[in-house]
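Q: fold the following and give me the result.
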Amino acid sequence: MTAPAVSVLMPVHNGGHFLRPALESLSIQTFADFEILVVNDGSTDDTATQLAVWPDPRLRVLTFPVNRGEAAARNHGLAAARGRYIALLDSDDLAYPDRLAAQVSHLDAHPAIGLLGADCDVISAEPGPHAPIDSPRTDADLRWQSVFGHAFVHSMLLFRRELFSEHGVAYSTEFPVATDYDWFTRALAVTRAATYPARLGAYRRHETSFMRRHAEALPAALATLAHRHLDREFPALAGHISNADLRDLHRMFAAGRVPGEKLPLAAMRRAAILHADLHAAFTARVHNPAP
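A: Numbers count the residues shown, from 1 in each chain. Purely as a prediction, here's the structure:
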């Protein structure tokens, strides 16, 4: 059997409510050379029934009898994927018709880039309007943004399979949250990244989403993982920065700051100095790249 150009990887756990629109968005792609690899991670709702009757012959279903978690499901799918490119799509999000065509064409034309994101719209049942999510465009800007948290919408990523098969960039089970951020920052250690300059899908916000259910655990995990990212990017600088410093930095400058939250003045000053030092280091490397 000839391997497809793209494997679309979709883990799902009790996601039957939004699964059909996600699969339908793949059925109308203008690019046809792909497989849909769904990992049913111990679902107890009607997910298995929907998958059993889905008519697209490109669908492959891998099943865990019990829930093993997002990281394990994604790694299982990556190991089974046959495409030279891996496209991510969560079971509650949508891919617009030209998404795969645009991203595949871009990576085909730019062999130095191993990881490609895209902008997206936001779908929410909450009162709007809801601003779209636009990601930084260049490798340098994505690395800078990743100091503060998510630089990409994970569900919009397309990447070369060798990131996993040759470089071993798998998803970690260390933290129950921020597995996407952890994976992305480790991928940056072995490849260059970019964002396709168009909205190629829609990200859905809802009360039962994984992020909403684990929001309290996110800041501590992000600070720990951001420190590891800094240690890979700037080891000399990272040695003088604590996880607490990074948490304050995120609370000062990242979008996730709690409305009305006030930091102590000393923490605000320290965060501002840290922000300036980091920006100077990133700017210097952009203008004076290593040979």
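Q: contacts, neighbours, all on C-alpha from now
A: Fine.
Q: could you chop the protein up by domain?
A: 6-213, 234-287 (automatic domain parsing).
Q: now the shortest one: average pLDDT?
A: Mean pLDDT, domain 234-287: 73.
Q: the longest one now?
A: Taken as a whole, domain 6-213 has a mean pLDDT of 93.
Q: show me how far that domain is from its chain's centre.
A: Relative to its chain's centre, domain 6-213 lies at 7 Å (CA atoms, centre = their mean, to the nearest Å).
Q: quick one, what contacts residue 15?
A: Contact analysis of residue 15 by CA atoms under 8 Å, 6 or more residues apart in numbering lists 43, 45, 47, 91-92.
Q: got the CA coordinates for the longest strand anywhere in the chain in PDB?
A: In the chain, with assignment by DSSP state E, the single longest strand is strand 192-205. Extracted C-alpha coordinates of strand 192-205, given in PDB (Å, rounded to 0.1, in the frame of the first residue of the first chain):
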ATOM      1  CA  ARG A 192      13.200  25.600  12.400                       C
ATOM      2  CA  ALA A 193       9.600  26.700  12.600                       C
ATOM      3  CA  ALA A 194       7.200  29.100  10.900                       C
ATOM      4  CA  THR A 195       3.600  30.100  10.600                       C
ATOM      5  CA  TYR A 196       1.600  30.000   7.400                       C
ATOM      6  CA  PRO A 197       0.200  33.500   7.000                       C
ATOM      7  CA  ALA A 198      -3.500  32.700   6.800                       C
ATOM      8  CA  ARG A 199      -6.400  31.400   9.000                       C
ATOM      9  CA  LEU A 200      -6.600  27.700   8.100                       C
ATOM     10  CA  GLY A 201      -9.000  26.400  10.800                       C
ATOM     11  CA  ALA A 202     -11.000  27.100  13.900                       C
ATOM     12  CA  TYR A 203     -10.200  26.400  17.500                       C
ATOM     13  CA  ARG A 204     -13.200  25.700  19.700                       C
ATOM     14  CA  ARG A 205     -13.400  27.000  23.300                       C
END
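Q: which of the residues in it are buried?
A: Under the neighbour-count criterion of 16 or more other CA atoms under 10 Å, strand 192-205 has 192-196, 199-205 buried.
Q: from the rest of the structure, what touches that strand?
A: Here strand 192-205 has contacts from 92-99, 102-103, 106, 112-125, 134-139, 142, 153, 155-156, using CA under 8 Å, 6+ apart.
Q: please redo it, this time with the cut-off set to 6 Å
A: The contact list for strand 192-205, computed with CA atoms under 6 Å, 6 or more residues apart in numbering, reads 93-96, 99, 113-124, 137-139.
Q: just the buried members of those?
A: Buried, going by 16+ other CA under 10 Å: 93-96, 99, 113-123, 137, 139, out of these.
Q: next step: those residues restricted to helices.
A: Using DSSP state H, the members of the buried ones among the contacts of strand 192-205 that fall in helices are 99, 139.
Q: strand partners of the longest strand of the chain, parallel vs antiparallel please.
A: As defined by DSSP bridges, the strand partners of strand 192-205 come to strand 94-95 (antiparallel), strand 113-124 (parallel).
Q: in this protein, where's the longest helix?
A: Longest helix in the chain, counting by DSSP H: helix 265-287.
Q: rewinding a little: make TSV from the buried residues of strand 192-205 and add distance to residue 269 to it.
A: Output for those, formatted as TSV (distance: CA to CA, whole Å):
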residue	distance to residue 269
192	33
193	32
194	32
195	33
196	36
199	37
200	39
201	39
202	38
203	35
204	36
205	34
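Q: before we move on, back to that, now the strands paired with strand 192-205 in TSV, with distance to residue 239?
A: Putting the strands paired with strand 192-205 into TSV (distance: least, CA to CA, whole Å) gives the following:
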stretch	distance to residue 239
strand 94-95	41
strand 113-124	28
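Q: mind checking which of those is nearest residue 35?
A: The minimum distance between residue 35 and the strands paired with strand 192-205 falls on strand 94-95, with 14.3 Å, by CA to CA.
Q: what's in contact with the closest one?
A: Under CA under 6 Å, 6+ apart, the answer for strand 94-95 is 22, 25, 201-202.
Q: any idea which of those is closest to residue 64?
A: Within those, the smallest distance to residue 64 is 20.4 Å, found for residue 22 (CA to CA).
Q: bridging residues for the closest residue to the closest one other than its chain neighbours?
A: Once flanking residues are discounted, residue 22 sits nearest to residue 94: 5.1 Å by CA to CA, 6 or more residues apart in numbering. For residue 94, the beta-bridge partners under DSSP bridges are residue 202.
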